[in-house]
Structures are given as structure tokens and as C-alpha cells.
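>>> with the sequence up front, the predicted model follows.
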Amino acid sequence: MLLRPRLVRAPLRNASPRAAFSARPLVPRGRDADASSAAAASDAIVRLVAAGGGSLEADLDRLDPALSHGILASTLRGLTDRGVPAERFFAWASLRRGFSPNPHAHNLLVENAGKLTDYRAMSRALALMSERRLSLTDRAFAFLAPSGSSRSGSVEDAARAVLRALDDVGGPCRASGVFSLIKALASIGEFEAAVSVIEETARMARYYNALVAARCKAGDFVGAREVFDEMRRSGCDPDANTWNYLLGCLLKNGRLAEACGLVEAMEKSKAGEVPNSLTYEILTYHACKAGKMDSAMRILDQMFLANLMPRITIHSAFIKGYFYAGRIEDARKYINDMITRDRHSANRNYSLLAKLLRKSGRTIDAGRVLYELMEKGLRPDHSAYVKVAKDLHRTGRGDLAFELKSMFQRFNAQTDIGR
């Protein structure tokens, strides 16, 4: 009769508190050296471009910097900080053999033109992005922050100038540009300017949602609700994202009764659209974070009844909720129950529990979880397996590490047979 391996005999014990988690490893010295070298290269280019002159391109050729996306971005930021036009340098960098500026660099070029209030240069940068079908991000409009736009008057004036540039260029980058402009204005609290942009372009839920999200991030539920009401008055229906931003804001600030009322309003608003899977994820996350695991389970049951499949983040919230409450057996029971309800999540669920156990110093228990997963014919996360096996060796349990290795090698053998 075959003996059952030792890894699966004993039950899991209670987890140790978070304070027992291992610290992050230090950054290797080689990375520090690389960063220092890149910074030196960037500084040299900035000084050269700032000096200007008709022979700039020839001077840059003689400098012959080893361009990378990191060095290019650092140089563009340095030029913007010093108020030096970057267009000429960017054109030179774009012609370097084997190198092409990425979308982030193009956004930094737009920011540079905005900082210098050179909207003709901005239009040229936007036209280049449109030609290459690149999207604008709110980084392109970081210059709109009060300190950055003071040279051009009010933020609203600068926003209108940007909007004219976007309208003149048109093309693919206009849509992403308008949204990113609204998002950038909302992020610095310039809501009136953002609303003006919406009124001049289109009353879209996506645009209003950028304002709602910014208000919610600041914990300003009243302001977020005002935007919500303005959407409705203007004939723009809030979508699922709008509702979910409000819900997350209420729960984050402990306003549970109002959150429950909002969920009821959601259910009456648009049947079949809200609540959606993200709504349940928000509710589950906050219930698990508060240690209300029974409430979280009732929410999950409702989600399955609505024929919505939970994302991996919901499973992670349950596993971490049980783990940090010291209910490790409940975490393992949850994982086992999910095998029948959402089998695709089993590998990641087991691997997550193993990682949590290992980080808390319970390496043998982590090994048992991975062994149990492999017994079910499922392959664990490779990094989790390697780290647990190494820790077992380091703590003098090479015998248990060998058991894990023998089980894991079966998957490699099956792969070889299938070829």
C-alpha cells in the first residue's frame, strides 16, 4: 500500500500577522549604475539643446548618445522644466537609425509645446501623432496645472487654446485628446474649465465620468453627485461606470447605509446594465476588507444568480480576507468550492494562498497547498512553486521539496508526450 506524502497529512495552521511578511529585496547595484549613466546622458543632451545654435543637429551627432526610451523621456522632461523647445531635438531623435520615439515621448512633446504656450508647435506635434495613429494621454496636458499655465493666463484660456489645436488637427488623436484634456483638468480641480470643454465638444458619459472619478478620488461625494445630476439634466444618461464610481466613494468613506440605498437605485435604473460585475466586485472587496466575510459571500451568491462570472480580483479579496483574519481553513474551503463554480480560477487561487503562506513564514503549509493543487491535475504558478521549493531546502526540508519537484515534473512529462 502506497503511503500518502507527508506534505498533505497535517491541517493548515493559523497564519501569522502581516508583520511577519518578508521585506522587499533591495534594488541591485547594477540598476543604480544604469540609472546614473542615463541621467548623465540626459543632462548632457539638455545642456546641448538649451545652448541652441544653427549646428544643433551636427552637435548632437558628435555627442552620439545611446538613445533609449528612458533617456528620451528624461530629456524631454528636462527641456520642459527649463522652458526649452524640444521640437528640433525630437525631430533629430526620430531620424536615428534603429530608434523610434514611443507614444509616451510624443505626449511629452505636446506637453513641452504647451508649457511654452507654442500652440503652433503643439499642432505640429498633434498632427504627427494623428498621422501615426497614437493616442493622447492626460500627461500631454500636465502643463495646465496652475503653476505651469500661469504664463498664458487662466487655465480656461489655455484649455480653449488646446481645444482649438485639437479641432484644427482633427484625426484619430482628437477624440483621445478631448477626453485626456477633460481628465487633466479634473485632476487639478479645474472642473469649470472641464465642463466648458464638454459643452463645446459633446455631452458624453465618458467625459462626465472623468469628472465623477476625480471627485470620488478626492472623497467629494457631494461634488460627484452634483456631476451625476448635471449629466441627467443635460440629457446624458449615467452608465455603469458612473454608478460604480459613486458606490466606491461611499464605501471607501464608510457610508454603508447610503451605499445600500445607491445599490437599490441602481437596480431600478437600467435592468440588465447595473449592477454589473464591477459593482459586485466593489461590494465584495469592501466587505472582505472590513472582515465581513459572510456578507461578502451573500454578495457573491447574488452575482452567480445574476449569471455573472467573478473576476480573479474577487477571489483574491476572499482569500486575503480569510487569510488576514486567521481563517486559513476557510480560505482553502473557499478555493475548493470555487473549483465547481469557476474552475478557471483554481490555479491562481491555490497559488495565491501558497504565496501568502510562504510570505508569512509558513513554508510547509504553502507546500501542502501546492501539492493539493497538483493532485487535482492543475499546474501551480511557476514562481510560487520555485520559491516554496527553495525555502523548503533552505529550512532543511529538502525531502518535502523533492516531493513537490516530483509532482511538478509530471506536468513537464505530460507536455513532452503531447508534442
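Yep, it's here.
>>> give the rounded mean pLDDT of the helix or strand hosting Asn336.
Using DSSP states H and E, Asn336 sits within helix 328-341. Mean pLDDT, helix 328-341: 92.
>>> what does stretch 300-309 give?
88.
>>> the helix holding Asn336 - contacts with which helices or strands?
Judged by 3 or more CB pairs under 8 Å, 6 or more residues apart in numbering; DSSP states H and E, the packing partners of helix 328-341 are helix 312-324, helix 346-359. For the C-beta atoms, the positions are set from N, CA and C on the backbone; glycine is no exception.
>>> out of the ones you listed, flag the one nearest Ala224.
Ala224 lies closest, by CB to CB, to one member of the helices and strands packed on helix 328-341: helix 312-324, at 22.8 Å.
>>> now that closest one: buried residues?
Ile314, His315, Ser316, Ala317, Phe318, Ile319, Lys320, Gly321, Tyr322, Phe323, Tyr324 (16 or more other CB atoms under 10 Å).
>>> tell me which two of those residues sit farthest apart.
Longest span within these, CB to CB: Ile314 and Tyr324, 16.1 Å.
>>> can you report how many residues lie near the residue lying closest to Ile198 once chain neighbours are set aside?
Once flanking residues are discounted, Ile198 sits nearest to Tyr207: 4.9 Å by CB to CB, 6 or more residues apart in numbering. Here the number of neighbours of Tyr207 (other CB atoms under 10 Å) works out to 22.
>>> next secondary structure after the helix or strand hosting Tyr207?
Counting by DSSP H and E, the element that carries Tyr207 is helix 205-217. Using DSSP H and E, the helix or strand that follows helix 205-217 in sequence is helix 221-233.
>>> give the rounded mean pLDDT of that next one.
94.
>>> what of stretch 347-362?
Rounded mean pLDDT across stretch 347-362 is 95.
>>> would you put the C-alpha positions of it in CSV?
Extracted in CSV, the C-alpha atoms of stretch 347-362 (Å, rounded to 0.1, in the frame of the first residue of the first chain):
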residue,chain,number,x,y,z
ASN,A,347,-4.7,27.6,-10.4
ARG,A,348,-4.4,31.2,-9.4
ASN,A,349,-6.5,30.8,-6.2
TYR,A,350,-4.3,28.0,-4.9
SER,A,351,-1.1,29.7,-5.9
LEU,A,352,-2.2,32.9,-4.2
LEU,A,353,-2.9,31.1,-0.9
ALA,A,354,0.5,29.4,-1.2
LYS,A,355,2.2,32.8,-1.7
LEU,A,356,0.5,34.3,1.3
LEU,A,357,1.5,31.3,3.5
ARG,A,358,5.1,31.4,2.3
LYS,A,359,5.4,35.2,2.9
SER,A,360,4.1,34.7,6.4
GLY,A,361,6.8,32.1,7.1
ARG,A,362,4.6,29.0,6.8
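>>> buried ones in it?
Those would be 347-360, 362, for stretch 347-362 by 16+ other CB under 10 Å.
>>> ok, now stretch 374-388?
For stretch 374-388, using 16+ other CB under 10 Å, the buried residues are Met374, Leu378, Arg379, Pro380, Asp381, Ala384, Tyr385, Lys387, Val388.
>>> show me the contact partners of it.
Outside stretch 374-388, the residues that touch it by CB atoms under 8 Å, 6 or more residues apart in numbering are 8, 339, 346-348, 350-351, 354-355, 358, 363, 366-367, 370, 373, 404, 407-408, 410-411.
>>> can you check stretch 74-90 too?
Residues contacting stretch 74-90 (CB under 8 Å, 6+ apart): 38-39, 42-43, 45-46, 49-50, 56-57, 60, 101, 105, 108-109, 111-113, 115-116, 118, 121, 124-125, 143.
>>> helices - which of these land there?
38-39, 42-43, 45-46, 49-50, 56-57, 60, 105, 108-109, 111-113, 115, 121, 124-125 (DSSP state H).
>>> can you list the domains in the protein?
65-202, 345-412 (automatic domain parsing).
>>> of all these, which one is nearest Ala214?
That would be, of these and by CB to CB, domain 65-202, which comes in at 3.7 Å.
>>> quick one: end-to-end distance for that closest one.
45 Å (CA to CA, to the nearest Å).
>>> helices of the stretch 151-300 of the chain, start to end?
If DSSP state H, counting those that start in this stretch is used as the criterion, the helices of the stretch 151-300 of the chain fall at 155-169, 172-187, 191-200, 205-217, 221-233, 240-252, 256-269, 277-289, 293-305.
>>> report all helices and strands that the second one contacts.
Contact here means 3+ CB pairs under 8 Å, 6+ apart; on that basis helix 172-187 packs against helix 119-131, helix 155-169, helix 191-200, helix 205-217.
>>> just the element for Lys405, please.
Here Lys405 sits within helix 398-418, counting by DSSP H and E.
>>> could the domains of the chain be laid out in TSV, adding distance to Ala265?
Supplementary listing: the domains of the chain in TSV, determined by distance: least, CB to CB, whole Å:
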stretch	distance to Ala265
domain 65-202	24
domain 345-412	31
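>>> right, and the ones you listed - which one's nearest Leu250?
domain 65-202 (19.4 Å).
>>> circling back to that earlier point, how far away is the residue nearest to Ile198 from Asp138?
Per CB to CB, to the nearest Å, Tyr207 is found 13 Å from Asp138.
>>> kindly report the same for Ser295.
36 Å.
>>> between these two, who's got more neighbours?
The neighbour comparison of Ser295 against Asp138 (other CB under 10 Å) goes to Asp138, with 19 against 15.
>>> can you add distance to Cys260 and give the helices and strands packed on helix 328-341 back as CSV?
Below are those laid out as CSV (distance: least, CB to CB, whole Å):
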stretch, distance to Cys260
helix 312-324, 19
helix 346-359, 29
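>>> Leu305: which of these is closest?
Of those, nearest to Leu305 by CB to CB is helix 312-324, at 14.8 Å.
>>> how far off centre is the closest one?
19 Å (CA atoms, centre = their mean, to the nearest Å).
>>> so what's the residue nearest the centre of the chain up against?
Nearest to the mean C-alpha position of the chain, by CA atoms, centre = their mean, lies Thr313 at 12.9 Å. Listed by CB under 8 Å, 6+ apart, the contact partners of Thr313 are Glu281, Tyr285.
>>> before we move on, back to that, generate a PyMOL selection restricted to the buried subset of the ones in helices among the contacts of stretch 74-90.
Buried residues within those, by 16+ other CB under 10 Å, are selected in PyMOL with:
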select buried, resi 38+42+45+46+49+60+105+108+109+111+112+113+115+121+124+125
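>>> neighbours of Lys217, how many?
15.
>>> hmm, back to that, from the buried residues of stretch 374-388, which is closest to Val212?
Closest to Val212, out of all of the buried residues of stretch 374-388 and judged by CB to CB, is Asp381, at 36.4 Å.
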